[in-house]
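Undergrad: Build me a model:
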Amino acid sequence: MSNREYAINLIEDIPENKLIFIINILEGLKGLTNKSDEYDLQMVLDSQCDNDEEYTAEQVNQILGLDL
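TA: This is a model prediction of the structure:
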């Protein structure tokens, strides 16, 4: 099974209300090949200033309802 097929199989098991998180991640990964614009850079800076919380991988999985 290819990585793409495996990823699709994993996505198929994610509840519909959690898919927005996966979509955001995928859009972000797709955008890595594109040059960031000023708005993107400002969003990153804002998130770094406004976000003093850190999450472990386990906490993120729990928030997303994933059992990995």
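
Undergrad: residue contacts, Leu66?
TA: 14, 18 (C-beta atoms under 8 Å, 6 or more residues apart in numbering). Just so you know, the C-beta spots here come from the backbone N, C-alpha and C atoms, and that holds for glycine as well.

Undergrad: The chain: helices as residue ranges?
TA: 3-12, 19-30, 38-50, 57-64 (DSSP state H).

Undergrad: how about these in JSON lines, adding mean neighbour count?
TA: Below are the helices of the chain laid out as JSON lines (neighbours: other C-beta atoms under 10 Å):
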{"stretch": "helix 3-12", "mean neighbour count": "10"}
{"stretch": "helix 19-30", "mean neighbour count": "11"}
{"stretch": "helix 38-50", "mean neighbour count": "10"}
{"stretch": "helix 57-64", "mean neighbour count": "12"}
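
Undergrad: Contacts only, for Leu64.
TA: So Leu64 contacts 14, 18, 21 (C-beta under 8 Å, 6+ apart).
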